[in-house]
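J.: Sequence unavailable; structure follows:
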């Protein structure tokens, strides 16, 4: 569950945290090198976003070296679950079927993803009995 004192991340903050989740603790320069969006986001913009994320408590900052190293305060799943739960309630009236149905319709789903979804569903139904 999301800690009540942590704010929901913005789209730009999630893009930055994707880089941090994928790379592990890293510097502003490394995040900037990933080009987190299709526009050219400047180094100072990334720096400012990471500073704001640190102030909000969304990332930790190691200041022991000249280049500060940032890492997410929460893991990917800890961040995604409350966001999906909120979306499920607000947009789909709490219906998991509607949420999953729309997720499958909106864009390409590979055979590998469908197979994995099938395994997840089978595992979930086995849990329920």
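T.: Arrived safely. In this text, all values refer to a predicted model and were calculated from it rather than measured experimentally.
J.: Which parts of this protein are helices?
T.: Listed in chain order, the helices of the chain (DSSP state H) span residues 11-23, 28-33, 43-56, 76-92, 96-105, 111-128.
J.: and residue 46, what is it in contact with?
T.: 16, 28, 31, 32, 36 (C-beta atoms under 8 Å, 6 or more residues apart in numbering). Every C-beta, even on glycine, is put in place using the N, C-alpha and C of the backbone.
J.: Neighbours of the second one, how many?
T.: If I follow you right, that is residue 28. When neighbours are counted by other C-beta atoms under 10 Å, residue 28 registers 20.
J.: now it, nearest residue through space, not along the chain?
T.: Nearest-residue entry for residue 28: residue 47, 4.9 Å, with adjacent residues in sequence omitted and distances by C-beta to C-beta, 6 or more residues apart in numbering.
J.: Between the contacts of residue 46, which sits nearest residue 43?
T.: Using C-beta to C-beta, residue 32 is the member of the contacts of residue 46 that lies nearest residue 43, at 4.9 Å.
J.: what's the pLDDT at the closest one?
T.: Residue 32 is assigned a predicted lDDT (pLDDT) of 90.
J.: Figure out which of the helices of the chain is closest to residue 70.
T.: Closest among these, once you apply C-beta to C-beta, is helix 43-56, at 5.3 Å.
J.: mean confidence for the closest one?
T.: 93.
J.: okay, the angle between it and helix 11-23?
T.: 90 degrees (axes from the mean of the first three to the mean of the last three C-alpha atoms, to 10 degrees).
J.: Would you mind listing the buried residues in helix 43-56?
T.: 46, 47, 49, 50, 53, 54, 56 (16 or more other C-beta atoms under 10 Å).
J.: do stretch 113-129 as well
T.: Buried, per 16+ other C-beta under 10 Å, within stretch 113-129: nothing.
J.: Next up, the contacts around the closest residue to residue 9 other than its chain neighbours.
T.: In space, residue 9 comes closest to residue 58 once its chain neighbours are excluded; the distance is 5.9 Å by C-beta to C-beta, 6+ apart. Contact analysis of residue 58 by C-beta under 8 Å, 6+ apart lists 6, 7, 9, 13, 17, 72, 73, 74.
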